[in-house]
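Trainee: Can you look at this prediction? I've put the sequence above it.
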Amino acid sequence: MAHAYLGYRGDDGNTEYGGFFDPQMAALPAHVVDALHHGPQAEPVLLRLDSAATLLGDGYHETENGYGRLANGAFQVSVRTDMPGVTPQMWDWWFGWHGSDTRRYKLWHPRAHASARWADGGGDGHYVGRISLIEEYLGSAYAKAAIRFIDPAAMGLDVNPGDSVSVCARLGSSEVPVDIGWFVHQVRSTSAGAEMRSRFWMGGPYVGIRHGNLLANTVIRPVAARQLPDPRDLLVHCAQEMNHLAGFLPALHARFG
């Protein structure tokens, strides 16, 4: 595989979608900045993994933007992204379209995304049941991750009320057979377009060896815990990439979707 790098070089922009690459990114939304200023949230106002299905309900959670430590030792991150002019179906299409070409992946976060490919070597289409192998920066830390997209039913999100989409995945390393967390991007319609409510659960009991045994888990868990991303960096990264792509996703989808 070719050396991964940030941005577009050489002929990278010579595609039908190359014109959508824009290294200039908007400022963080005010509600995200407020969450960063607040600092870690109290454990009772954070969403537990076993309550992920409540994302399908009306209204909002106590913490829509923020991060903090759960009682089980894991950390949880929440981010809300307002997306005027966007539909949930556009995001469903995006997750099946972007993973087959690094140049597409870089559209999403031009200042942090370096590489993406499907583990099965396939092209566009569905994403549930597939593994996306990515390389990106979270803050200043470089990550090589394996994102295994799963059926939303596995997290209790099998029924999408009305006009909504749930993107669910197990997150781990692409270099060693270790998983470190879970995430959900739940996208629902609003009067102005759509909003994405992202939730991450990382570390603690969510670290484990793929197809491993108890001994392997005991040995690897403390090592993996030291390689977890900083929750503030994860919050910022998610807010940046989702806001950036939402700005041109309607035009991108209209042309290629």
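Mentor: Structure received.

Trainee: longest helix anywhere in this structure?
Mentor: Assignment by DSSP state H gives helix 231-256 as the longest helix of the chain.

Trainee: Now do it: distance to the chain's middle.
Mentor: Offset of helix 231-256 from its chain centre (Cα atoms, centre = their mean, to the nearest Å): 10 Å.

Trainee: Counting by contacts, list what that helix packs against.
Mentor: Applying 3 or more Cβ pairs under 8 Å, 6 or more residues apart in numbering; DSSP states H and E, we find helix 231-256 packed against helix 30-38, strand 66-69, strand 75-84, helix 88-97, helix 102-108, strand 131-138, strand 193-202. For glycine as for every other residue, the C-beta is placed from the backbone atoms N, C-alpha and C.

Trainee: Wait, Gly208 touches Val178, no?
Mentor: Yes - contact criterion Cβ atoms under 8 Å: Gly208 and Val178 qualify, at 7.3 Å.

Trainee: need the helix or strand of the chain with the lowest average pLDDT.
Mentor: Least confident helix or strand of the chain, by mean pLDDT, DSSP states H and E, is helix 214-225 with a mean of 63.

Trainee: name the element the residue nearest to Val45 when sequence neighbours are not counted belongs to?
Mentor: Of all residues not flanking Val45 in the chain, Glu62 sits nearest, at 4.2 Å (Cβ to Cβ, 6 or more residues apart in numbering). Remark: Glu62 resides in no helix or strand, with elements defined by DSSP states H and E.

Trainee: ditto for Val184
Mentor: Using DSSP H and E, Val184 sits in strand 178-189.

Trainee: CA atoms of that strand as CSV?
Mentor: These are the backbone C-alpha positions of strand 178-189, laid out as CSV (Å, rounded to 0.1, in the frame of the first residue of the first chain):
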residue,chain,number,x,y,z
VAL,A,178,-7.7,-5.6,19.3
ASP,A,179,-11.0,-3.7,19.5
ILE,A,180,-11.3,-0.7,21.8
GLY,A,181,-14.8,0.6,21.6
TRP,A,182,-18.1,1.2,19.8
PHE,A,183,-19.8,4.1,18.1
VAL,A,184,-23.2,5.2,16.8
HIS,A,185,-24.0,8.0,14.4
GLN,A,186,-27.8,8.4,14.6
VAL,A,187,-29.1,10.8,11.9
ARG,A,188,-32.7,12.1,12.0
SER,A,189,-34.6,14.6,10.0
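
Trainee: What's opposite Leu171 in the beta bridge?
Mentor: Ile147, Gly181 (DSSP bridges).

Trainee: okay, it: pLDDT?
Mentor: Looking at Leu171, its pLDDT stands at 95.
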